[in-house]
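1. Quick one, structure for this:
(chains A, B and C, ligands or ions: 6)
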Amino acid sequence: MKRIDAIIRPSRLPFVREALEELGYGGMTVAEVKGHGKQRGITEQWRGREYKVEYLSKAWILVVVNDQDLQKVVNAIVENARTGEIGDGKIFVSDVLDVIRVRTNERGPAAV
Amino acid sequence: MKRIDAIIRPSRLPFVREALEELGYGGMTVAEVKGHGKQRGITEQWRGREYKVEYLSKAWILVVVNDQDLQKVVNAIVENARTGEIGDGKIFVSDVLDVIRVRTNERGPAAV
Amino acid sequence: MKRIDAIIRPSRLPFVREALEELGYGGMTVAEVKGHGKQRGITEQWRGREYKVEYLSKAWILVVVNDQDLQKVVNAIVENARTGEIGDGKIFVSDVLDVIRVRTNERGPAAV
Ligand SMILES: Nc1ncnc2c1ncn2[C@@H]1O[C@H](COP(=O)(O)OP(=O)(O)OP(=O)(O)O)[C@@H](O)[C@H]1O
Ligand SMILES: Nc1ncnc2c1ncn2[C@@H]1O[C@H](COP(=O)(O)OP(=O)(O)OP(=O)(O)O)[C@@H](O)[C@H]1O
Ligand SMILES: Nc1ncnc2c1ncn2[C@@H]1O[C@H](COP(=O)(O)OP(=O)(O)OP(=O)(O)O)[C@@H](O)[C@H]1O
Ligand SMILES: [Mg+2]
Ligand SMILES: [Mg+2]
Ligand SMILES: [Mg+2]
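-> Ligands and ions are numbered 1, 2, ... in the order given. Presented below is the predicted three-dimensional model:
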């Protein structure tokens, strides 16, 4: 089992969600976060002055998947989160040792 | 060391917290998130109409434990988060390479 | 690649952020969370009465780094998050199997 932590533009969340749904995908968790990538501060103009925006609002998505579904879920997120502009986001993949469904106490791949 | 990421009903958080406290357990981190499990959208009735609720509010709990405490902490979360209805939540277990207590700079199991 | 999950005092976030920036560090993600460490509840006085504060506000920071940068980033967080009082926070390090930059579809260390 693998965990996918994706930090994306909030405006792309509905498209990513729908793509995962079309893949028949199970569950997902979302939170509002803020962040910056390698450009760090972003300088914006407002009424003729420059302001440094230190963080941008992002959506954090956690999707835990079975190993055989990892690449198709990552690709669906990439394709649906992308606009082509800087700041499109980042995906982190890591290993999961166990998954437990609370209602049934099922464990392992069947609980994903 | 292991990390336990549990996504549970917010209403069960006080019970889970108390169970961990009774186990003598160290620390925990909590955030408000939203999500859906394998049922995806949930259809609710309101004033005779049907609405699809896309996400439900959930509590995300992070508890990092020493290896020998993993099963008892997972079981305490399962038992106290469960209502028996769909949507009771999910627990993800993964490996942690190092823990650092910021105040003392202690590292490893002693820092958990 | 490694992920660093740090739970720190919100008041120290600007200092940690600046230290990472001085290291030339890439990206970071931040969320508002609440938590308690090993002291669990904290008893506060207010108008002559005692109240148990169950959770304290904390900042959760996620920084994914290349392996060779792990120790310097952890040390920068420790040094800048520390006040010396209880509740300074905790850092969890774990392994990351893959990183993807959404805009370019780059994968692995180059995407960090
Ligand atoms: N190394 C990192 N660790 C943790 N979070 C990160 C990291 N890099 C990026 N993020 C998160 O992802 C969000 C989007 O990052 P972003 O897409 O700007 O990455 P980037 O590497 O700068 O790529 P680009 O050049 O396309 O902008 C950031 O706001 C931050 O929340
Ligand atoms: N695969 C997953 N990846 C990430 N988060 C998930 C996943 N599955 C569930 N979650 C999170 O857990 C919450 C609760 O899920 P839920 O209990 O509905 O799981 P389920 O598999 O549908 O089980 P049940 O049939 O008992 O409802 C979801 O709202 C979501 O936040
Ligand atoms: N084992 C843990 N699992 C998850 N989160 C933790 C854990 N321990 C601490 N935290 C998080 O880190 C925050 C700060 O913890 P804290 O610094 O109080 O740790 P501590 O072990 O009690 O150290 P100290 O004695 O210096 O207070 C907590 O509010 C909580 O959000
Ligand atoms: Mg960027
Ligand atoms: Mg469900
Ligand atoms: Mg403490």
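2. Pull the number of nearby residues for A:Ile8.
-> Neighbour count for A:Ile8, taken as other C-beta atoms under 10 Å in any protein chain shown: 25. No exception for glycine: its C-beta is placed from N, CA and C like everyone else's.
3. For it, give me phi and psi.
-> Dihedral pair for A:Ile8: phi -130, psi 170, per degrees, to the nearest 10.
4. Surely it is in contact with A:Ser57?
-> No: counting by C-beta atoms under 8 Å, A:Ile8 stays clear of A:Ser57, with 10.8 Å between them.
5. what mean pLDDT does stretch A:80-95 have?
-> Averaged across stretch A:80-95, pLDDT comes to 97.
6. check whether that stretch contacts ligand 2.
-> No: Stretch A:80-95 is not in contact with ligand 2 by C-beta under 6 Å from any ligand atom; minimum separation 13.0 Å.
7. Now do that stretch: everything it contacts.
-> The set of residues external to stretch A:80-95 that reach it, using C-beta atoms under 8 Å, 6 or more residues apart in numbering or on different chains, is A:1-9, A:12, A:15-16, A:18-19, A:37, A:39, A:56, A:58, A:70, A:74, A:77-78, B:94-95, C:1, C:3, C:27, C:64, C:94-103, C:111.
8. Which among these count as buried?
-> By neighbour count, with 16 or more other C-beta atoms under 10 Å in any protein chain shown, the contacts of stretch A:80-95 hold A:1-9, A:12, A:15-16, A:19, A:37, A:56, A:58, A:70, A:74, A:77-78, B:94, C:1, C:3, C:27, C:64, C:94, C:96, C:98-103, C:111 as buried.
9. Quick check: closest non-adjacent residue to A:Ile4.
-> Nearest residue to A:Ile4, sequence neighbours excluded (C-beta to C-beta, 6 or more residues apart in numbering or on different chains): A:Val63, at 4.7 Å.
10. How is A:Val30 assigned, secondary-structure-wise?
-> Assigned with DSSP: H, G, I helix; E, B strand; the rest coil, A:Val30 falls in the strand class.
11. for A:Thr83, that is, sorry about that
-> For A:Thr83, the assignment made with three-state DSSP gives coil.
12. now A:Ala110
-> Under three-state DSSP, A:Ala110 falls in the helix class.
13. For burial, what's the neighbour tally of it?
-> Applying other C-beta under 10 Å, we find 10 other residues in the vicinity of A:Ala110.
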